[in-house]
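1. Sequence and predicted structure, then a few things I'm wondering about:
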Amino acid sequence: MATVLVVDDEFGIVDVVETILTDEGYRVLTACNGKQGLVRLAEQKPDVILLDFMMPILDGAEMLPQWRRSRLTNASRSS
């Protein structure tokens, strides 16, 4: 079963997307902002990320590069 992380501050959108994906057989993780999204990514390894661009606290435009940097940092530590 594929896992999808949905990161969006609009709860109505998250609810609809989560319902549709769950009905289609996906496991769905959610986060309401980029900071929470990074926490979810540290806990789980989703197959797909649906990421809103404009969010409070940490927007999608900054979440993605922070996640990439953390992956590179963690990969170099395990070498």
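-> Yes, it's here.

2. Roughly how far does Gly25 sit from Ala2?
-> For Gly25, the distance to Ala2 equals 8 Å [CB to CB, to the nearest Å]. All C-beta atoms are positioned from the backbone trio N, CA, C, and that covers glycine.

3. Ignore what I typed, I meant Val39.
-> Between Val39 and Ala2 the computed distance is 21 Å (CB to CB).

4. Apart from its chain neighbours, what residue comes closest to Met63?
-> Gly34 (3.2 Å; CB to CB, 6 or more residues apart in numbering).

5. can you pull the contacts of that neighbour?
-> For Gly34, the contacting residues are 7, 51, 55, 57-60, 62-63, 66, by CB atoms under 8 Å, 6 or more residues apart in numbering.

6. Report pLDDT for Ser78.
-> We have a pLDDT of 54 for Ser78.

7. all strands in the protein, in order from the N-terminus.
-> Taking DSSP state E to define them, one finds strands in the chain at 3-7, 27-31, 48-51.

8. Same list (those) but as TSV, adding distance to Val17.
-> Output for those, formatted as TSV (distance: least, CB to CB, whole Å):
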stretch	distance to Val17
strand 3-7	5
strand 27-31	8
strand 48-51	7
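
9. quick one, which of the ones you listed is packed in tightest?
-> Neighbour counts (mean count of other CB atoms under 10 Å) averaged over each of the strands of the chain peak at strand 3-7, with a mean of 21.
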